[in-house]
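S.K.: no FASTA, just this:
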């Protein structure tokens, strides 16, 4: 029992407002089931290998799939982040997450493109785009196929940017349209210019050094094995695994 993960009563109280309402029969113990879901995702286990202390593995799996498709875990992360984040400065970046063969088999109609898995350099993978607060804690997440550019991730996320003074990003986000979008939102850009630019753009190099915090965040959530390696075919379920890891590491 000492090696198993259990949510505390205080953590459960913070999570409970985001749970769907139970209809009909009462749900099986939320604390036990959610603790088991976290244990499986953090250790990269198959659902059938769940320790018996968490109850039947089918109960864990069914709750995980049902709530993932409802977007419950993503709403939990965003809700808790909205309560606690420090968004005077925000950061944006992307990273690759390797897709296991069980997730990347392309036998679905039209080649399985709806799974958001691509084949850039390094094999089959998915790209995670993230926005973090000043301390490097994730506040917005978005997944695409691995070959999708950082620009498209920024385009999808920019409408959800919180009110901020600065945005830090690497030179992969140096695009005139993105700088203009930030200016329209009254956010100052701290983005190094691409080497191909004819006219160089100045940026705050001292402030830019803080961008390592988002890289640290990516490293920490990749410690969760079902995040570092994608086993889920459904991208919404995989995004839930990422959101769950971010919630436990940073917001609980």
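M.R.: Received, thanks. If you're wondering where the values come from, they're calculated on a predicted model, not measured in any experiment.

S.K.: got the contact list for residue 35?
M.R.: Listed by Cβ atoms under 8 Å, 6 or more residues apart in numbering, the contact partners of residue 35 are 4, 5, 6, 7, 54. Backbone N, C-alpha and C define where each C-beta goes, glycine included.

S.K.: quickly note the distance from the last one to residue 151.
M.R.: Right, residue 54. Distance check for residue 54 against residue 151: by Cβ to Cβ, to the nearest Å, it reads 42 Å.

S.K.: mind listing what's buried in stretch 239-249?
M.R.: The neighbour-count check on stretch 239-249 (16 or more other Cβ atoms under 10 Å) flags 239, 240, 241, 242, 243, 244, 245, 246, 247, 248, 249 as buried.

S.K.: and what of stretch 194-210?
M.R.: In stretch 194-210, counting by 16+ other Cβ under 10 Å, buried: 203, 208, 210.

S.K.: quick one: list the elements packing against the helix or strand the second one falls within.
M.R.: When you say that, I think you mean residue 208. Per DSSP states H and E, residue 208 falls inside helix 205-208. Taking 3 or more Cβ pairs under 8 Å, 6 or more residues apart in numbering; DSSP states H and E as contact, the helices and strands that helix 205-208 lies on are strand 166-168.

S.K.: neighbouring strands - and their directions - for the strand it packs on?
M.R.: The strands beside strand 166-168 in its sheet (DSSP bridges) come out as strand 89-99 (parallel), strand 188-190 (parallel).

S.K.: and the helix or strand following it, how far out from the chain's middle?
M.R.: Per DSSP H and E, the first helix or strand lying C-terminal to strand 166-168 is helix 176-184. Mean-position distance between helix 176-184 and its chain equals 24 Å (Cα atoms, centre = their mean, to the nearest Å).
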